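Asks: Only the shape, not the letters, is given here:
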């Protein structure tokens, strides 16, 4: 435990908003505020949206399904989860999720250690550029952050 890290208090209705991969991401705890310990954010995913199967070299990831019907990919299969489900995906484990419902889903996500907010910020910058995002560039940014899409 880092004794020099001060406590941090966050409001789940507030935070820096990013738009990437067709999703709205509200950062509640970033790497700077937690001394690199973790990231915490809310993710709103439209129907049919979600990242393809991928894995993280550096982060473990937790998901709390708050609203909607979300399917998760793990061990080669998709499985549906309702609000209240909590899932843990360890680093280097191929996983993905998708909104399988007809309304926007809401999840609270955490990654340990911190740093994933920097990846999301870089991707949001790419998606904010005029025209279609340069997916080759997104894949390169992902690789720089130790995130790899399964093929």
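Replies: Cool, got the structure. Note that this is a predicted model, so its numbers are computed, not measured.

Asks: wait, what's in contact with residue 8?
Replies: With contact set as CB atoms under 8 Å, 6 or more residues apart in numbering, residue 8 has these partners: 29, 33, 34. Using the backbone N, CA and C atoms, a C-beta is placed for each residue, glycine as well.

Asks: and the most centrally placed residue in the chain, what is it in contact with?
Replies: Among the residues of the chain, the one closest to the centroid is residue 109, at 6.1 Å (CA atoms, centre = their mean). Listed by CB under 8 Å, 6+ apart, the contact set of residue 109 reads 39, 40, 41, 42, 43, 61, 62, 63, 64.

Asks: May I ask you to name the longest helix in this protein?
Replies: Ordering each helix of the chain by length in residues (DSSP state H) puts helix 116-128 first.

Asks: quick revisit: I'd like to know which of the contacts of residue 8 are part of strands.
Replies: Counting by DSSP state E, the contacts of residue 8 place residue 29 in strands.

Asks: hang on, the earlier thing: any idea how far residue 47 is from the residue nearest to the centre of the chain?
Replies: 19 Å (CB to CB, to the nearest Å).

Asks: Report the helix or strand with the lowest average pLDDT across this structure.
Replies: Least confident helix or strand of the chain, by mean pLDDT, DSSP states H and E, is helix 135-144 with a mean of 92.

Asks: Which elements pack onto the helix or strand that comes right after that helix?
Replies: As assigned by DSSP states H and E, the chain's next helix or strand after helix 135-144 is strand 147-149. Counting contacts by 3 or more CB pairs under 8 Å, 6 or more residues apart in numbering; DSSP states H and E, strand 147-149 is packed against strand 54-56, helix 135-144.
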